[in-house]
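Q: can't give you the sequence, but here's the structure:
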């Protein structure tokens, strides 16, 4: 999802939150902003504490030419109480870092709702640090939706294969809830909301008018006709039949057993890397007719385990249903490597580029 250079008056205005300052957020931001292509493609303002960025700039064991100097890019400085800031230590998420990251996100939302930014790119936060700090939210997505006053939203993961160019789009029907609550949370209404969000997104952002969407089953083998679970037989299949009537121009395929749902996407993603020497020059993996424009997964790990196995450094979390753009990397705070200078920026770069593309 490479972005094209734009003239100054065309460049989208985007906010980039610092995320949890004890994680890799400061490092990957300093690294990605050192890329001149990014700075030429958008007006990017970092929402965070400038002194923390300066501290990381000075202390990260990386050559300075590989980092952007915080004195030379736009920062909306969000001051943190000195006592709280003194408790923020790279690699150790706690109440202090949770409080800071929560404040950064809310500042970005406020400024975006005022019209100062077209969208937000969020660096990773720690849900545990939020909880310790007294903010009991499942994640950033839920706060974004609450502040934007929308009740129909979704987590869509978008990734472009560096091997074949194929674009994978995966929407989660349920997100950050325990596995034992998935079957209780899934309802025909929820499924319809997510499906409609996905259809509208494909139309509005990718100009795909009559998409093919593959929908996963819930149980092993999609329930095996009630032998391995009854949700498919009881209501998922009847729901799907109704949706096919409601959307006659859209190809809804399902309910595909979760264990085979990702075989063809994997081949499309890796292309010739999966072929034997004998078939390496064939067009076998370039035939996308059997693939879908998007995949609807019924719960978090059903969709994200395959997405992260294939596209951990390319996938972007895109919140759909908001009145503004929001993207984020698909990885977490990586406290174990924070401050070491070895964090990779691929997913953050893709998140910025997707936000730029969506503003068009």
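A: Noted; the coordinates are in hand. The shown structure was predicted, so the numbers you read here are calculated from the model rather than taken from an experiment. Numbers count the residues shown, from 1 in each chain.
Q: And this protein, what are its domain boundaries?
A: According to automatic domain parsing, the chain comprises the domains 1-149+324-360, 151-321.
Q: Report the distance from the shortest one to the chain centre.
A: Offset of domain 151-321 from its chain centre (Cα atoms, centre = their mean, to the nearest Å): 15 Å.
Q: likewise the first one?
A: Averaging C-alpha coordinates over domain 1-149+324-360 and over its chain gives two centres that are 14 Å apart (Cα atoms, centre = their mean).
Q: I'd like the mean pLDDT over it, please.
A: Summarised as a single mean, pLDDT over domain 1-149+324-360 is 92.
Q: Could you pull out the strands in this structure for me?
A: Here the chain has its strands, by DSSP state E, at 13-17, 43-48, 75-77, 119-122, 154-160, 167-172, 212-216, 251-256, 294-297, 316-320, 325-329.
Q: can you redo those as a markdown table with mean neighbour count?
A: (Glycine included, C-beta is placed from N, CA and C.) Conversion of the strands of the chain to a markdown table gives the following (neighbours: other Cβ atoms under 10 Å):
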| stretch | mean neighbour count |
| --- | --- |
| strand 13-17 | 26 |
| strand 43-48 | 24 |
| strand 75-77 | 17 |
| strand 119-122 | 27 |
| strand 154-160 | 24 |
| strand 167-172 | 23 |
| strand 212-216 | 23 |
| strand 251-256 | 18 |
| strand 294-297 | 26 |
| strand 316-320 | 24 |
| strand 325-329 | 26 |
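Q: So which of these is nearest residue 113?
A: When the strands of the chain are compared for distance to residue 113 using Cβ to Cβ, the nearest one is strand 119-122, at 10.3 Å.
Q: how near is the most centrally placed residue in the chain to residue 272?
A: With distances taken as Cα atoms, centre = their mean, residue 317 lies nearest the centre of the chain, 0.8 Å away. Residue 317 is 28 Å from residue 272, where distance means Cβ to Cβ, to the nearest Å.
Q: where does the residue nearest to residue 326 when sequence neighbours are not counted land on pLDDT?
A: The spatial neighbour of residue 326 that comes closest, neighbours along the chain excluded (Cβ to Cβ, 6 or more residues apart in numbering), is residue 319 at 4.2 Å. Predicted confidence (pLDDT) for residue 319: 94.
Q: residues in contact with residue 319?
A: Contact partners of residue 319, counting by Cβ atoms under 8 Å, 6 or more residues apart in numbering, are 141, 144-145, 153-156, 326-327.
Q: export those to TSV and tack on distance to residue 344?
A: As requested, those are exported to TSV (distance: Cβ to Cβ, whole Å):
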residue	distance to residue 344
141	23
144	25
145	29
153	28
154	27
155	22
156	22
326	22
327	17
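Q: distance between the ends of stretch 230-246?
A: In stretch 230-246, first residue to last residue: 24 Å (Cα to Cα, to the nearest Å).
Q: Show me which positions of that stretch end up buried.
A: Applying a neighbour-count criterion of 16 or more other Cβ atoms under 10 Å, one finds 231-233, 236-237, 239-240, 243 buried in stretch 230-246.
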